[in-house]
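Student: here is the input, now give the coordinates:
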Amino acid sequence: MNTSTTPLVRSRSVERLVRGQPTSDGDGVRLTRVLTQPLQQRLDPFLMLDAFGSDAASDYIGGFPDHPHRGFETVTIMKAGRMRHRDSVGNVGLLEPGSVQWMTAGRGIIHSEMPEQEEGRMAGFQLWVNLAAQDKMQPPAYRDVAPADVPRFETADGVAVRVIAGQTHGVAGAVTRPTTEPLVLDITLPAGARFEVPLPPGHNAFAYVYGGEPVTVGDRAVPSEHMAILGNDAAADGVAFAVAAGAAQPAQVLLVAGAPLKQPIAQYGPFVMNTVQELQQAVSDFQRGVLAG
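Tutor: Have a look, this model is predicted:
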C-alpha cells in the first residue's frame, strides 16, 4: 500500500484555539463539549464534538437512556470502555475500545447508549455531522465498525493513522459520506514525527489534541485538550502536524474536515433542521410518537 503524498506547498494556520466546556448530558454523564453551538456556522457541517473520559464510574454509569434525534448524523469513536446501543429501528450494537458507530438519524430515531461496565475507564468522542436540507428526512440508518475494520496505516516516521471517514494517503476510511464529504482521522504522533494531510481549500477543518505533548499545527503549538480551528487560506493545500524530538510521550490528535453546507441551522436539543417550523414539527412528531420508524 502506497501511503505517500506530495509534500504540502503551504500548511493551514491556526485561526484560534478553543478549550472545551465541562458539562453533563444523558443521565448525568460528565463530558467536555469541545465544539459548541456558537461555532456551528464557522465549522459547518459539524454541529458538536463531545469528548468524554473518566476512570470514575459515577461520571458515566447513568449512560444515555432513550432519546430522539432528527436531521443529522452521530459519529461515536470509542477509545476505552464498553457501551451498548439500542434503537427504535431494531439495531443493537456494542461499542468497544477502537470501534466506531455511525448513525444517520434522518427523519427520526430513538436510541440509547448505556455502559456495559461498572468500573474502569470510559473514554471517547461523539461528533455530530449535519445533513443537507434535502437529506434530513431520509430513513434512519446505523452502522457499527469493529476495531479491526477501521483502516489504518503507519508512516516511515512512526505516525499511526486510523481513517474513520473519508480518504487520505491512498487509504479509504471505514465510512464515506456524500455531500458533506467528512474526513475524520485519529492520529498518533511519536516524538520527532511530522505528518501532513492534504485538505480541499473549501473544507472547514479543526484538530483536537487530546493526549500527549503539545503538537505544532501549522506554525502554532497546540496543547492537549484544545481544539485548533484551522484557517481557510485559499493558498493552503493541507495541514502539517509536528511533535518535538524530545517529547516524553506520543501525541494524539483528532482531525476533522468537511464540505460546508452553507444552509440555515435551526437546533432545539436533539433536533437539527433548517427552520423553526421544521423544529416545531419534529417536537410535535416526537410527542405524538411518530418521529421514529
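Student: in this protein, where is pLDDT below threshold?
Tutor: Within the chain, the stretches with pLDDT under 70 are 1-2, 4, 293.
Student: any chance you could map the helices in it?
Tutor: Ranges of helices in the chain, per DSSP state H, are 276-287.
Student: and the residue nearest the centre of it?
Tutor: Central residue of the chain (Cα atoms, centre = their mean): residue 127, 3.4 Å from the mean position.
Student: beta partners of it?
Tutor: residue 49, residue 75 (DSSP bridges).
Student: which residues does it contact?
Tutor: With Cβ atoms under 8 Å, 6 or more residues apart in numbering as the criterion, the residues that contact residue 127 are 35, 46, 48-49, 74-75, 77, 184, 256. (C-beta placed from N, C-alpha, C; glycine too.)
Student: likewise for residue 84?
Tutor: Listed by Cβ under 8 Å, 6+ apart, the contact set of residue 84 reads 92-95, 112-116.
Student: go again using 6 Å as the cut-off
Tutor: 94, 114, 116 (Cβ atoms under 6 Å, 6 or more residues apart in numbering).
Student: excluding chain neighbours, what is closest to the second one?
Tutor: Sequence neighbours aside, residue 63 is the residue nearest to residue 114 in space, at 3.9 Å (criterion: Cβ to Cβ, 6 or more residues apart in numbering).
Student: my guess is the one you found contacts residue 112. True?
Tutor: No - between residue 63 and residue 112 there is no contact under Cβ atoms under 6 Å: 7.2 Å.
Student: pull the residues that contact stretch 129-140.
Tutor: Against stretch 129-140 from outside (Cβ under 6 Å, 6+ apart): 45, 47, 71-73, 89, 104-107, 109, 179-180, 182, 261, 263, 274.
Student: among those residues, which ones are buried?
Tutor: Buried members of these, scored by 16 or more other Cβ atoms under 10 Å, are 45, 47, 71-73, 89, 104-107, 109, 180, 182, 261, 274.
Student: so which of those comes closest to residue 198?
Tutor: Nearest to residue 198 out of the buried ones among the contacts of stretch 129-140 is residue 182 (Cβ to Cβ; 15.1 Å).
Student: can you name the residues bridging to the nearest residue to the closest one once chain neighbours are set aside?
Tutor: Counting by Cβ to Cβ, 6+ apart, residue 182 lies nearest to residue 258, which is 4.3 Å off, once chain neighbours are set aside. With DSSP bridges as the criterion, residue 258 is bridged to residue 204.
Student: please apply the same query to residue 110.
Tutor: Residue 110 has these beta-bridge partners by DSSP bridges: residue 68.
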